[in-house]
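Enquirer: Got a predicted structure plus its sequence, pasted below:
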Amino acid sequence: MARPRPRRLAIWLAGAAAAVALLAVGGAFIYIHFISRPAPAPLGLKPGAPAATTPVPQTQPAASSGSVAGAWRVAAGSVVGYRVNEVLAGQQNVAVGRTPDVSGSMTIAGSTVTAAQFTVQMAAIRSAESQRDAQFNGRIMDTSAFPTGTLKLTGPIALAPLPADGVIKAYHAAGDLTLHGQTRPVTFALQAERTGTGIEVSGSIPIVFAKWGITNPSFPPFVTTQNHGELEFLVKFASG
């Protein structure tokens, strides 16, 4: 009768486990680098003129093509979404989800933004992965209970001196951001550009998930993320 060989069995089991782990890591590497599409670049403005490649200092006067005072509404081409760094089976990856389903308005008196408010339909945010979207709509953001995210300006933004069309200029803003049913104050940098048809604004807001009561997107042991991400936006405004 052959005697049991527990040592050999243990070695075989350890080797099998290592092979499974290697396949998981290799599979993730192949998926991220050869199958999955690369994450899109961060949202941002594209200079409308060569001179716009260097932001205009706040104290430097610039040529203006007319008044920007009045009511402005969010127009087609606007995009809002998230960007989160994740580790998928040991491989670094960037998760990005976006939606054009954003509405809102902005009021400018003279050369000062006096009011602005925006609403995003959270369930409309889509990434490149349906499984990630299911997690986002379910356990992470619970979009059935909290269908919208909102941002409301809480302080004025002085635009003067108004730059010429096609010139990108940097500003700072303060507002109340509501996500997952919780409202928190935020401050953030943004860039704005006057175009031939309106105004475009872009920027990002750092989001620490726990601050808004958002479940960490990690899905151990397969996916882990940092405890924070970014809300990024590119909003186009048309007069009226």
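Expert: Alright, I've got the coordinates.
Enquirer: ranges for the helices of the chain?
Expert: Applying DSSP state H to the chain gives helices spanning 6-30, 130-135.
Enquirer: Does anything pack onto the last one? Which helices or strands?
Expert: Under the contact criterion of 3 or more C-beta pairs under 8 Å, 6 or more residues apart in numbering; DSSP states H and E, helix 130-135 touches strand 91-99. Heads up, the C-betas are built off the backbone N, CA and C, glycines and all.
Enquirer: What would the strand it packs on look like as CSV? C-alpha coordinates only.
Expert: Coordinates of each C-alpha in strand 91-99 appear next as CSV, following Å, rounded to 0.1, in the frame of the first residue of the first chain:
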residue,chain,number,x,y,z
GLN,A,91,-2.0,46.3,-12.1
GLN,A,92,-2.3,50.1,-11.9
ASN,A,93,-5.4,51.3,-13.8
VAL,A,94,-7.5,54.5,-14.0
ALA,A,95,-11.3,54.2,-13.8
VAL,A,96,-13.1,57.0,-15.6
GLY,A,97,-16.9,57.5,-15.9
ARG,A,98,-18.7,60.4,-17.6
THR,A,99,-22.0,61.7,-18.7
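Enquirer: Can you tell me which helices and strands it packs against?
Expert: When contacts are defined as 3+ C-beta pairs under 8 Å, 6+ apart, strand 91-99 packs onto helix 6-30, strand 79-88, helix 130-135.
Enquirer: Residues touching that strand, excluding its own?
Expert: For strand 91-99, the surrounding residues in contact (C-beta atoms under 8 Å, 6 or more residues apart in numbering) are 25, 28-29, 32, 36, 39-40, 79-87, 120-121, 124-129, 132-133, 136, 217, 225.
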